[in-house]
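S.K.: Sequence first, predicted model second:
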Amino acid sequence: MNVMKHFLVALFLSVAMLFSNTTQAMEIRQFDKMAVEDQADYITLLVEGAQKVLIEEGKKDLAAKVHKLFTEIHPGDTISLGMEEFETNLAQARLFDAERHAKDHDARRLEVKDAIIVTLKRNDIVLPKSFMTVGKNFKPKHPPKEKK
């Protein structure tokens, strides 16, 4: 388990460093404040955007793999394997982001895209840099979640 945690930390750090000069997008802490409907819309935007940029790069086979990963639900499951892995990676990123920010307040905050990138990379799907602009114009449609 500890090896897996170190692997994910290294993967998130490499994603964060690789795309550090790209368009600022949805930080995880912003995402967590959004209404559930807006969160679902944003995730859909990212998944469909990943497919689109892969098709534009001439990688229709990988786009089809993304589609299958996020839409196919196996018997007995309630969500797709892609969503399950994404949610796990997002939870890990959320924890890592909080720990890293506690140590260094100037550290780049992790984004929801980072969790999508890690999810796809772990399924042998590498996205082009053009993916980083996919969600730049997203605007939530619902009021933010109420604080408990």
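M.R.: Everything's here; your move. The structure displayed is predicted, hence computed values, not measured ones.
S.K.: all helices for the protein, in order.
M.R.: 2-18, 28-31, 36-56, 60-71, 81-103, 112-121 (DSSP state H).
S.K.: can you tell which of these is closest to Lys139?
M.R.: Nearest to Lys139, of all the helices of the chain, is helix 36-56, at 8.9 Å by CB to CB. Glycine gets a C-beta too; all of them are placed from N, C-alpha and C.
S.K.: buried ones in that closest one?
M.R.: Buried residues in helix 36-56, counted by 16 or more other CB atoms under 10 Å: 38-39, 41-43, 45-47, 49-51, 53-54.
S.K.: Run through the chain and note the low-pLDDT ranges.
M.R.: 1-24, 148 (pLDDT under 70).
S.K.: on that earlier part again, format the buried residues of helix 36-56 as a markdown table; extra columns: distance to Arg109.
M.R.: Formatted as a markdown table, the buried residues of helix 36-56 follow (distance: CB to CB, whole Å):
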| residue | distance to Arg109 |
| --- | --- |
| Asp38 | 19 |
| Gln39 | 17 |
| Asp41 | 21 |
| Tyr42 | 16 |
| Ile43 | 18 |
| Leu45 | 19 |
| Leu46 | 17 |
| Val47 | 22 |
| Gly49 | 20 |
| Ala50 | 21 |
| Gln51 | 26 |
| Val53 | 23 |
| Leu54 | 26 |
